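Undergrad: got a predicted model here, sequence first, then my questions.
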Amino acid sequence: MLAIPVLLGVSVGVFLMIAFIPGDPATALAGDTASPDAVARIRVELGLDQPLPVQYLRFLERLAHGSLGTSIRTHRDVTVEILDRLPYTLELALVAVLFSTTLGVSLGVIAAVNRGRAADLVTMGIAMVGLSVPTFFLALIGIVVFSLKLHWLPVTGAATIASVILPAVSLSLHSAAVKARITRSSMLEILGQDYLRTARAKGLREEAVIWRHALRNALIPVSTIVGLQFGSLLGGAFIIETIFGWPGVGLLAVQAIFNRDFPVIQGTVLLVAVAYLVTNLVVDLLYAWLDPRIRYA
Amino acid sequence: MRDTVRRLIRSPFGAAGLALFGTLLLTALFAPLIATHDPIALVPRDALQGPSSAHLFGTDDLGRDVFSRVIWGSRLAVRLGVLSVLIAASGGIVLGLLAGYYGRWVDNLISRMLEVVLAFPGILFAIAIVAILGPSLDNLIVALGLFGWPGYARLVRGSVLSAKQREYVEAARAMGATGARIMTRHLLPNVVAPVIILSATRFGGALLAGSGLSFIGLGVPIPQPEWGAIMATGREYLDAAWWVFAFPGGIIFFAVLGVNLLGDGLRDVLDPRLRV
């Protein structure tokens, strides 16, 4: 149950964000246009006149009640603001994870099975390109080609089902490249194992050997990466959502940063960190299910 | 060292990586000689001109020469990559050595800290720091450096844990060497190769994260010729003036490709066991 100290650490980090704001936090939290009265009220309300440890305990207490504060900009509850946007980011992340895993694992298997041949070189070349190209550059190229020139896909927003395609694809190519490389090396290791020789010896077709016996075991290291990458996908979503005007949590956070809307910034950072922790916990459990040799006491 | 370079050059991809990375360093070094125009000067009557012999990469909406901006931008890119990697590597190496060598509560404390930092997706950490302190190159460097140390710490700790049981470390301890001496003279040399390989990847990662953040206005502010910031000025003219975003984007790609190929090449040469 490592998650609990880590969660506490994350909460300290998010709490300290306010303490490190240059200048007076109460003024920053009240917004530039607030009256001195409003600033004073916020100072007392949030206990900003108290010592830091006391402030932190009160912050935790509010968190425990599910309150992340009120947006300076919209005066709405931060929790509500985030919950409004969350489905969009989850949709984007889910499509990106599915796409990048399918693409990455397929490329990795193709490369491993054809080790040293042209197909290996080509797929690993594609992976190297995917690893090196900036996500936002890819997004811009996609917009120019598929939206502005060909008019196949909408440029921004989330109005139609097709809207998710460009953001999700540009978001997923980098992680697809990472997965392709890991799948390849993990497959290569497993292809040399005795039980595959046995599987072949008993007359199984090569496809069955590769896809059923080898890939299933090769996916174990890949599954860890899927969890770790979920975090970088969420981080990448900040940039991708901004480019495509995708109304998710990332766009909310970036707008909040420009508006210096600190409660919203804190809330989104906390949410992403928690989502990341939960995903990795789930992956740990998945890991034990994929590989029965791993058991957590 | 000489042998490493020779073997690196002999592999086609490693050589390509070395060439690309070398070009980046040389461009940064000789930027004032290569650039054809002032990278900041506004020449409104030259706005949004396509690539030509006068403006190799065209001009942006304020008439600035994109080629000269990209060339000067290599300095910012090298500074961002080198400094953020240095901060992450030095912090991570020291903490990893301490955790691995002293074990017990030291290890416990450092390992927990590491998990907390790893619980934040890296780019989120950078965004948070920029959100508080404001967008600037220095803040970006600090942010990318601060979130990068756990990778190094984990690598070094693991290597120290396996090395400290070896006879030569025992021998050094028996001869009365201090902890600091054992760590720097006997344990540190083991991790040099993997640290260099990790640094190549991290350099590329810093360029990608830094330019991405600058592109959405959370990195280096726009008048400066940072590659992502240059691309941001082309955002409104994607169709009409593709050169404003396409050239810097391509250059970022080649710079990152260079360090990635270099990292792969070094890994094959220095430590074949690390094949990923």
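TA: Thanks, I have it.
Undergrad: just want the most central residue of chain B.
TA: Chain B has B:Phe203 as the residue nearest its centroid, 1.9 Å off, counting by Cα atoms, centre = their mean.
Undergrad: and that residue, what helix or strand is that in?
TA: helix B:188-215 (DSSP states H and E).
Undergrad: look at the residue nearest to A:Leu140 when sequence neighbours are not counted and report its pLDDT.
TA: Nearest non-adjacent residue to A:Leu140, counting by Cβ to Cβ, 6 or more residues apart in numbering or on different chains: B:Phe245, 5.4 Å away. The way it works is simple: take the backbone N, C-alpha and C, and place the C-beta from them, glycine included. Note on B:Phe245: pLDDT of 92.
Undergrad: ok, A:Ala159 next?
TA: Confidence score, pLDDT, at A:Ala159: 72.
Undergrad: just the helices in chain A please.
TA: Taking DSSP state H to define them, one finds helices in chain A at A:3-19, A:25-30, A:36-45, A:52-64, A:78-113, A:118-132, A:135-142, A:165-191, A:194-201, A:206-208, A:215-244, A:249-258, A:262-290.
Undergrad: checking my notes, B:Gly217 in a strand, right?
TA: No - assignment of B:Gly217 by DSSP: H, G, I helix; E, B strand; the rest coil gives coil, placing it outside any strand.
Undergrad: I'd say A:Val144 and B:Arg235 touch.
TA: No - counting by Cβ atoms under 8 Å, B:Arg235 is not a contact partner of A:Val144; they are 11.3 Å apart.
Undergrad: got the contact list for B:Val78?
TA: B:Leu24, B:Leu25, B:Ala28 (Cβ atoms under 8 Å, 6 or more residues apart in numbering or on different chains).
Undergrad: at 6 Å what do you get?
TA: If a contact means Cβ atoms under 6 Å, 6 or more residues apart in numbering or on different chains, then B:Val78 has B:Ala28 as its contacts.
Undergrad: what angle do the helix or strand where it lies and helix B:188-215 make?
TA: B:Val78 is located in helix B:66-102, with elements delineated by DSSP H and E. Helix B:66-102 runs at 140 degrees relative to helix B:188-215, counting by axes from the mean of the first three to the mean of the last three Cα atoms, to 10 degrees.
Undergrad: got a list of contacts for the helix or strand following helix B:66-102?
TA: Later in the chain than helix B:66-102, the nearest helix or strand by DSSP H and E is helix B:104-119. The contact list for helix B:104-119 (Cβ under 6 Å, 6+ apart) reads A:Pro5, A:Val6, A:Gly9, A:Val10, A:Ala273, A:Leu277, B:Leu95, B:Leu98, B:Ala99, B:Pro150, B:Ala153.
Undergrad: which residues touch the third one?
TA: This means A:Gly9. B:Val116.
Undergrad: can we see that at 8 Å?
TA: B:Arg112, B:Met113, B:Glu115, B:Val116, B:Ala119.
Undergrad: give me the low-pLDDT residue ranges for the chain?
TA: No chain in the question, so chain A it is. Scanning chain A for pLDDT under 70 picks out the ranges A:1-2, A:31-32, A:46, A:292-297.
Undergrad: wait, I meant chain B there
TA: In chain B (pLDDT under 70), the answer is B:1, B:119-120, B:271-276.
Undergrad: do that again at 50, thanks
TA: B:275-276 (pLDDT under 50).
Undergrad: contact residues of the stretch 1-150 of chain A facing chain B?
TA: Contact residues, the stretch 1-150 of chain A versus chain B (Cβ under 8 Å from any Cβ of the partner chain): A:2, A:5-7, A:9-10, A:13, A:17, A:20-22, A:128-129, A:131-137, A:140-141, A:143-144, A:148-149.
Undergrad: cool, the stretch 151-297 of chain A as well?
TA: A:181-182, A:185, A:231-232, A:234-236, A:238-239, A:242-243, A:253-254, A:257-258, A:265, A:269, A:272-273, A:276-277.
Undergrad: and A:Leu92, how far is that from A:Gly236?
TA: 10 Å (Cβ to Cβ, to the nearest Å).
Undergrad: quick check: neighbours shared by those two?
TA: What both A:Leu92 and A:Gly236 touch, as defined by Cβ under 8 Å, 6+ apart, is the set A:Leu171.
Undergrad: ok, residue 208 - contacts?
TA: Just going to use chain A. Neighbour list for A:Ala208: A:Ala199 [criterion: Cβ under 8 Å, 6+ apart].
Undergrad: actually it's chain B I care about, not the one you picked
TA: Taking Cβ under 8 Å, 6+ apart as the test, what B:Leu208 contacts is A:Pro134, A:Thr135, B:Ile252, B:Val256.
Undergrad: ok, A:Arg73 - how many residues close by?
TA: 15 (other Cβ atoms under 10 Å in any protein chain shown).
Undergrad: for it, give me its contacts.
TA: A:Arg73 neighbours (Cβ under 8 Å, 6+ apart): A:Gly31, A:Ala256, A:Asn259, A:Asp261, A:Val264.
Undergrad: report how many residues lie close to the last one.
TA: The one in question is A:Val264. 27.
Undergrad: and the contacts of the following helix or strand past the helix holding B:Phe203?
TA: Using DSSP H and E, the next helix or strand after helix B:188-215 towards the C-terminus is helix B:227-233. Outside helix B:227-233, the residues that touch it by Cβ under 8 Å, 6+ apart are A:134, A:136-137, A:140, B:60-62, B:66, B:69-70, B:73, B:76-77, B:210-217, B:219-222, B:244-245, B:248-249, B:251-252.
Undergrad: and the buried ones among the residues you listed, selectable in ChimeraX?
TA: Applying 16 or more other Cβ atoms under 10 Å in any protein chain shown to the contacts of helix B:227-233, the buried members can be selected in ChimeraX as follows:
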select /A:134,136,137,140 /B:60,61,62,66,69,70,73,76,77,210,211,212,213,214,215,216,217,219,220,222,244,245,248,249,251,252
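Undergrad: which residue is the nearest non-sequential neighbour of the residue nearest to the spatial centre of chain A?
TA: Taking Cα atoms, centre = their mean as the criterion, A:Leu234 is the residue nearest the geometric centre of chain A, at 2.5 Å. For A:Leu234, ignoring the flanking residues on the chain, the nearest one in space by Cβ to Cβ, 6+ apart is A:Val272 at 5.0 Å.
Undergrad: just checking, that neighbour touches A:Gly235?
TA: Yes - between A:Val272 and A:Gly235 a contact is recorded at 7.4 Å, counting by Cβ under 8 Å.
Undergrad: how about the contacts made by the closest residue to A:Thr224 other than its chain neighbours?
TA: Take A:Thr224 and drop its neighbours on the chain: the residue closest to it by Cβ to Cβ, 6+ apart is A:Val283, 6.2 Å away. Going by Cβ under 8 Å, 6+ apart, A:Val283 touches A:Ser223, A:Thr224, A:Val226, A:Gly227.
Undergrad: ditto for B:Ser211
TA: Here B:Ser211 is in contact with A:Pro134, A:Phe136, B:Ala77, B:Gly219, B:Glu226, B:Trp227, B:Gly228, B:Met231, B:Ile252 (criterion: Cβ under 8 Å, 6+ apart).
Undergrad: nearest to A:Ile210, of the residues you listed?
TA: Taking Cβ to Cβ as the measure, A:Ile210 lies nearest A:Pro134 of these, at 33.9 Å.
Undergrad: touching, the closest one and B:Leu257? I think so.
TA: No - the criterion here is Cβ under 8 Å, and A:Pro134 misses it with B:Leu257 at 11.0 Å.
Undergrad: any idea how far A:Thr101 is from A:Ala180?
TA: A:Ala180 is 10 Å from A:Thr101, by Cβ to Cβ.
Undergrad: more neighbours: which of these two?
TA: A:Ala180 (28 against 21).
Undergrad: any figure for the gap between the more buried one and B:Arg69?
TA: Taking Cβ to Cβ, one finds A:Ala180 at 34 Å from B:Arg69.
Undergrad: buried set for whichever helix or strand B:Phe147 is part of?
TA: Using DSSP H and E, B:Phe147 sits in helix B:137-163. For helix B:137-163, burial by neighbour count (16+ other Cβ under 10 Å) applies to B:137, B:139-157, B:159-160, B:163.
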